[in-house]
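Engineer: Please find the sequence and the predicted model below.
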Protein chains: 2
Amino acid sequence: MSIAIAPPHSPLRAAPRRAVAPLVVHVGVVGPGKVGTALLTQLRLMAPRLASHCNLELRLRAVSDSRHMWLDCDDEALNGRSHGAQTWRPADLDEFAAYVAGDGGEPAVLADCSASDVVADRYAGWLAAGIHVVTPNKRAASGPLERWRRIGVAAGASGARLHYEGTVGAGLPVVQTLRDLLDTGDELVAVEGMLSGTLAWLFNRFDGSTPFSALVREAHALGYTEPDPRDDLSGMDVARKLVILAREAGVALSLEDVEVRGLVPDDLAACSPDAFMESLDALDAPMAARLAAARAAGGVLRHVARLDGRRAAVGVETIEPDHAFAHARLTDNVIRFATRRYCDNALVVQGPGAGPEVTAAAVFADLLRVAGAMGVKRCAC
Amino acid sequence: MSIAIAPPHSPLRAAPRRAVAPLVVHVGVVGPGKVGTALLTQLRLMAPRLASHCNLELRLRAVSDSRHMWLDCDDEALNGRSHGAQTWRPADLDEFAAYVAGDGGEPAVLADCSASDVVADRYAGWLAAGIHVVTPNKRAASGPLERWRRIGVAAGASGARLHYEGTVGAGLPVVQTLRDLLDTGDELVAVEGMLSGTLAWLFNRFDGSTPFSALVREAHALGYTEPDPRDDLSGMDVARKLVILAREAGVALSLEDVEVRGLVPDDLAACSPDAFMESLDALDAPMAARLAAARAAGGVLRHVARLDGRRAAVGVETIEPDHAFAHARLTDNVIRFATRRYCDNALVVQGPGAGPEVTAAAVFADLLRVAGAMGVKRCAC
């Protein structure tokens, strides 16, 4: 900071002229699965209010899945009705992005609602071209460091934004909260989290009255797990979230650096999903033993992710009964930031950390943050 | 939303030229008390990083308290050293704002760290003049609706921003979280909060082993209460926070609309602070009776703020022992948003909700949000 050289008694500056024309933002959605579809529904619902209250006009230009894309979306698409005269074309992400960007006269935002590395590979190019990206896709922020750095360079050079709040806690305010802490000079001491709703549900329920395998089968039947429950039990999805938080805090961590203590026995790691479901009972004896040990120590079992300095670990732990993690319910995620300022008591964010609607809302809020960076006002006053 | 008319195969838009010159933002701080001083310290600490990482140059131009102002701040001021050749002048908020704004060539942000209605009275004029305001001062957002509406009109007309995250949970992400929920189409069902760190501490400690009056005296001695503890015990500060959240959710509530069940007996409401402290024992019998009733019902006592539709209430309640409020610690605030999306489990933010450093950080983060709206990038990638 330095002394500003200006006359000390200059008049109040003139009010900037408010643009009467709305800000038009071109939107493209990649991955119209559950999250993408929820996002399209939310965009449709909120478009009139954003236009009238925020002078923001969101124009859905295109939707793409991994095989097809649909350019030239219109109100029919937003209203979820027939595709009309539109035709699906073979997907081509470059053509898709170019179409969304149009002639460059309006800002363009791509919402990547896929979970694909192929799409994440395009971020750097899109950002370099001035196209903003908002996404709950964990691949870029937790994938190869070299790609992540290229993405950062591209965004830095063009000024285009990448927002990814939805990657860690879905709709919970986690990434931005950490960003605000760090950018205002706080120092991260540790992050401690229950970052899997599925694993939270399993350990909230696992009290010894029902074998662990039966709970996994129940969660699977309820749709709480991935189609292959090993994708949850392995802890790798949680590890990805921890890598994202670590990088946000300036720790250049890779997935391989995380000490992941998974719940899938080695001899069941490679079999078919069906064979795994049939062999689930193999989890029961070791999990019963862990529960007994936790109880003998006066605690409860929880699946916990920890970042402490550069050390990142994910696995089942015995937790004291008066710890916040012991009181979480259902599929709640819990994220605790211990910082220099939040030292006696941590800053805690808690709530459901998965689901199409809340994840789509995180993408939508990121999109509004991009619009905010272009002058769109959002406040109640 | 509407059909965008543009050629379907236009090339990727040209990358916007990144401005090499940093964004310069003029900053003025009103109210250099504990929060204002902490903010000045944080600004000084983070200025080099913001300049190098975000291409943002914050220029502290002036500081004002209620009686004096100090124009033409420089590095000496930021370094907390002597005031050098600078002279304090009699405070004049108009002259102060005009000085911070300078010739209007650079955006200006006033950080109101006072708790003053006199300063809040100026917001509308400042915003109309294109000067942004960031503040933890609750007066504007919880004060007369007519003034709040004038502030909104002024900001709407000029495009200048008013951010006030620090008014409810200090550094906790509360106002922006609610904003994101609503702007992405969620619907607020209820807000339930422990919004006073002082009252949280008192009821966390009040287990019958120590009279309530002794805990109030202890909190007073520890500096946990306001100089006159009635300012906490009355519940009015909590009621202000609830009004702010209600207005954020579009409910045009005033302080008089909140049903406040205070802890100060009527006959002690008007006496001197010293006389009140000497009469504290009068609280003991009624509070002991409340505690006994709560225990008979199997619950615990907590000071709770509730917003349910248009109904807003603040007071001591009996809470179930497995409720999140029963497990809060020390001076933690807890805010639970129950919404259409967060219906089974609420979205919960918890942590210390007071203190100069975390409150100043909220003001600083708001300032960075204003800078973000002018194109300053903040992300780890």
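Structural biologist: The structure has been received and is ready for your questions.
Engineer: Which positions in stretch A:302-315 come out as buried?
Structural biologist: A:Arg302, A:His303, A:Val304, A:Ala305, A:Arg306, A:Leu307, A:Ala312, A:Ala313, A:Val314, A:Gly315 (16 or more other C-beta atoms under 10 Å in any protein chain shown). Yep, even glycine has a C-beta here, placed from its N, CA and C like the rest.
Engineer: Ends of that stretch, what's the gap?
Structural biologist: Distance between the two ends of stretch A:302-315: 8 Å, counting by C-alpha to C-alpha, to the nearest Å.
Engineer: Kindly report the same for stretch A:350-364.
Structural biologist: Rule used - C-alpha to C-alpha; the end-to-end distance of stretch A:350-364 is 20 Å.
Engineer: State the mean pLDDT of it.
Structural biologist: On average, the pLDDT along stretch A:350-364 is 95.
Engineer: picking that back up, of the buried residues of stretch A:302-315, closest to chain B?
Structural biologist: Of all those, A:Leu307 has the smallest distance to chain B: 13.7 Å, by C-beta to the nearest C-beta.
Engineer: so what's that closest one closest to, chain neighbours aside?
Structural biologist: A:Val191 (4.2 Å; C-beta to C-beta, 6 or more residues apart in numbering or on different chains).
Engineer: ok, that neighbour - how many residues close by?
Structural biologist: Residues near A:Val191, counting by other C-beta atoms under 10 Å in any protein chain shown, number 26.
Engineer: That one is in contact with A:Tyr342, isn't it?
Structural biologist: No - assessed by C-beta atoms under 8 Å, A:Val191 is found out of contact with A:Tyr342, at 11.3 Å.
Engineer: Whether the helix or strand hosting A:Val238 contacts chain B - can you check?
Structural biologist: A:Val238 is part of helix A:236-248 when elements are defined by DSSP states H and E. Yes - using C-beta under 8 Å from any C-beta of the partner chain, helix A:236-248 reaches chain B at A:Arg247, A:Glu248.
Engineer: in that helix, what's buried?
Structural biologist: Result for helix A:236-248 [16+ other C-beta under 10 Å]: buried residues A:236-248.
Engineer: Can I get stretch A:186-199 in PDB, CA atoms only?
Structural biologist: Extracted C-alpha coordinates of stretch A:186-199, given in PDB (Å, rounded to 0.1, in the frame of the first residue of the first chain):
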ATOM      1  CA  ASP A 186      -5.700 -16.500   8.800                       C
ATOM      2  CA  GLU A 187      -3.400 -19.600   9.000                       C
ATOM      3  CA  LEU A 188      -4.700 -23.100   8.600                       C
ATOM      4  CA  VAL A 189      -3.700 -25.400  11.500                       C
ATOM      5  CA  ALA A 190      -5.700 -28.500  10.500                       C
ATOM      6  CA  VAL A 191      -8.700 -29.700   8.700                       C
ATOM      7  CA  GLU A 192     -10.700 -32.500  10.100                       C
ATOM      8  CA  GLY A 193     -13.800 -33.800   8.200                       C
ATOM      9  CA  MET A 194     -16.400 -36.400   7.800                       C
ATOM     10  CA  LEU A 195     -16.500 -36.000   4.000                       C
ATOM     11  CA  SER A 196     -18.600 -39.000   2.900                       C
ATOM     12  CA  GLY A 197     -22.300 -39.000   3.500                       C
ATOM     13  CA  THR A 198     -22.300 -42.700   2.800                       C
ATOM     14  CA  LEU A 199     -19.600 -43.600   5.300                       C
END
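Engineer: so for that stretch, what's the average pLDDT?
Structural biologist: Average pLDDT, stretch A:186-199: 97.
Engineer: that older thread, just the closest of the buried residues of helix A:236-248 to B:Ala91, please.
Structural biologist: Lowest distance from B:Ala91 to the buried residues of helix A:236-248 (C-beta to C-beta) belongs to A:Glu248, with 40.9 Å.
Engineer: Going toward the C-terminus from whichever strand or helix holds A:Glu146, what's the next helix or strand?
Structural biologist: Assigned by DSSP H and E, A:Glu146 falls within helix A:145-158. The first helix or strand that comes after helix A:145-158 along the chain, using DSSP H and E, is strand A:162-163.
Engineer: all helices of the stretch 201-350 of chain A, in order?
Structural biologist: In the stretch 201-350 of chain A, helices defined by DSSP state H, counting those that start in this stretch lie at A:212-222, A:230-233, A:236-248, A:273-278, A:284-296, listed in chain order.
Engineer: and A:Ala275, how far is that from A:Leu268?
Structural biologist: Note on A:Ala275: its distance to A:Leu268, by C-beta to C-beta, to the nearest Å, is 8 Å.
Engineer: Among the two, which residue is more densely surrounded?
Structural biologist: Taking neighbours as other C-beta under 10 Å, A:Ala275 and A:Leu268 compare with A:Leu268 leading, 16 against 10.
Engineer: Check the gap between the more buried one and chain B for me.
Structural biologist: Separation of A:Leu268 from chain B (C-beta to the nearest C-beta, to the nearest Å): 31 Å.
Engineer: My guess is that residue contacts A:Ser279. True?
Structural biologist: Yes - assessed by C-beta under 8 Å, A:Leu268 is found in contact with A:Ser279 at 5.5 Å.
Engineer: ok, back up a step: so which of the helices of the stretch 201-350 of chain A is the most surrounded?
Structural biologist: Among the helices of the stretch 201-350 of chain A, the stretch with the highest mean neighbour count (mean count of other C-beta atoms under 10 Å in any protein chain shown) is helix A:236-248, at a mean of 24.
Engineer: any idea how far it is from the chain center?
Structural biologist: For helix A:236-248, the separation from the chain centroid amounts to 10 Å (computed by C-alpha atoms, centre = their mean, to the nearest Å).
Engineer: Can you name every helix or strand that it contacts?
Structural biologist: Counting contacts by 3 or more C-beta pairs under 8 Å, 6 or more residues apart in numbering or on different chains; DSSP states H and E, helix A:236-248 is packed against helix A:139-142, helix A:166-169, helix A:175-183, strand A:188-194, strand A:300-308, strand A:311-319.
Engineer: swap the cut-off to 7 Å and go again
Structural biologist: The contact analysis (3 or more C-beta pairs under 7 Å, 6 or more residues apart in numbering or on different chains; DSSP states H and E) places helix A:236-248 against helix A:139-142, helix A:166-169, helix A:175-183, strand A:300-308, strand A:311-319.
Engineer: Take these and write them to TSV, including mean pLDDT.
Structural biologist: Converted to TSV, the helices and strands packed on helix A:236-248 look like this (pLDDT from 0 to 100):
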stretch	mean pLDDT
helix A:139-142	98
helix A:166-169	97
helix A:175-183	96
strand A:300-308	97
strand A:311-319	97
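Engineer: Can you pull up the residues of the stretch 201-350 of chain A that come close to chain B?
Structural biologist: Taking C-beta under 7 Å from any C-beta of the partner chain as the contact definition, the stretch 201-350 of chain A meets chain B at A:247-248, A:324, A:327, A:329-330, A:332, A:341-342, A:344-350.
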